[in-house]
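Participant: show me how the following folds:
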Amino acid sequence: MSAILTADLSKFANYDYPVFQFGDSTAATVIRYVTQGSRVLEIGAGSGAISRHLVKSKKCKLTAVEINPTSVKKLKKICNSVHSLDLDDNAWPLHLAQEGKFDHVIAADVLEHLYDPWTVLKGMKSLLSDRGSVILSLPHASHSGVLAALYLGEFEFREKGLLDKTHIRFFGYKNVEALYASAGLKIVRCHLVYATPEESELAHAWKALPENVRQALRQRPYGNVYQIVTEAVPTDRDLPTVSIESCLPAVPASQQRGKFMRWLTKSRR
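Facilitator: A predicted model of the protein is given here:
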């Protein structure tokens with residue numbers, strides 16, 4: 001049996017959204033990465049959008065970490081146990097000692113909301129079982145929509161999306177790899193969620209760019225990467241490392257078509 005840990009976002013934003021379990025979205029990928037019947041810790045579980053699927057469909061034993069009182073009430077109806085903890089307090093992992101170790105520790109769209117995601121990730125690693133893994137999803141700050149806004153002299157925070165006003169930290173794909181390395185973890189599975197600038201909440205900035213600038217940005221193979229989902233294990237585990245760059249399309253964004261533009265997955269497990 002395995003375990004899941006969920007992280008707490010609620011002091012920043014109380015997210016709740018429908019999840020289609022079998023799609024290629026960020027949430028669906030996180031669910032897919034979790035082993036059936038495992039013990040899971042979900043950090044920042046919010047109102048339980050992912051939690052519900054892990055308990056009902058994947059039959060997981062689920063522990064949640066959440067700070068928003070309204071969300072905690074909802075999670076108590078779903079999870080095996082719920083802890084109201086502040087992830088900016090470095091002692092938060094100690095409060096979970098009685099829970100034992102977990103097969104998966106999940107932070108889905110959480111670390112970008114924290115002052116010190118590097119220390120939080122180390123705390124997540126400390127809660128893994130011998131064969132456990134960390135599963136993260138993070139927004140990609142190097143998306144061409146963000147660069148379009150910067151080109152126009154804008155960096156306006158919004159209600160949601162890549163420039164969500166509750167985001168404190170920003171990551172390009174190389175920074176995601178460095179984040180894991182700082183915690184003694186290596187990526188073993190990677191899934192990229194794609195959206196063109198025209199499809200994003202920053203479409204207005206993209207459309208306002210001079211055509212020659214749009215053409216230059218379209219040459220970036222990672223310009224349409226909107227979110228990055230990864231599974232990682234301690235570096236001493238005997239599993240090959242997967243680089244995020246190896247998951248990127250071999251062609252520039254201007255040549256990406258159809259479903260290929262929406263997602264690409266790589267695993268060496």
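Participant: am I right that Val110 is in contact with Ile43?
Facilitator: Yes. With contact defined as CB atoms under 8 Å, Val110 and Ile43 form a contacting pair (5.5 Å). Where C-beta positions appear, they are placed from N, C-alpha and C, glycine not excepted.
Participant: and the one helix or strand Val233 maps to, what does it pack onto?
Facilitator: Assigned by DSSP states H and E, Val233 falls within strand 225-234. Under the contact criterion of 3 or more CB pairs under 8 Å, 6 or more residues apart in numbering; DSSP states H and E, strand 225-234 touches helix 26-33, strand 128-139, helix 173-182, strand 185-194.
Participant: pairing partners for it, with directions?
Facilitator: Strand pairing for strand 225-234, using DSSP bridges, gives strand 128-139 (antiparallel), strand 185-194 (antiparallel).
Participant: what is the orientation angle of that strand with helix 26-33?
Facilitator: On the basis of axes from the mean of the first three to the mean of the last three CA atoms, to 10 degrees, strand 225-234 is oriented at 30 degrees to helix 26-33.
Participant: chain center to strand 225-234: distance?
Facilitator: Its chain's C-alpha centre and that of strand 225-234 lie 7 Å apart, by CA atoms, centre = their mean, to the nearest Å.
Participant: what comes up buried for that strand?
Facilitator: Across strand 225-234, burial judged by 16 or more other CB atoms under 10 Å covers 225-234.
Participant: do the same with stretch 188-204
Facilitator: Going by neighbour count (16+ other CB under 10 Å), the buried part of stretch 188-204 is 188-197, 200-202.
Participant: now do that stretch, average pLDDT.
Facilitator: For stretch 188-204, mean pLDDT rounds to 93.
Participant: got it, and stretch 32-42?
Facilitator: Taken as a whole, stretch 32-42 carries a mean pLDDT of 97.
Participant: now do the same end-to-end measure for that stretch.
Facilitator: With CA to CA, to the nearest Å as the measure, stretch 32-42 spans 14 Å from end to end.
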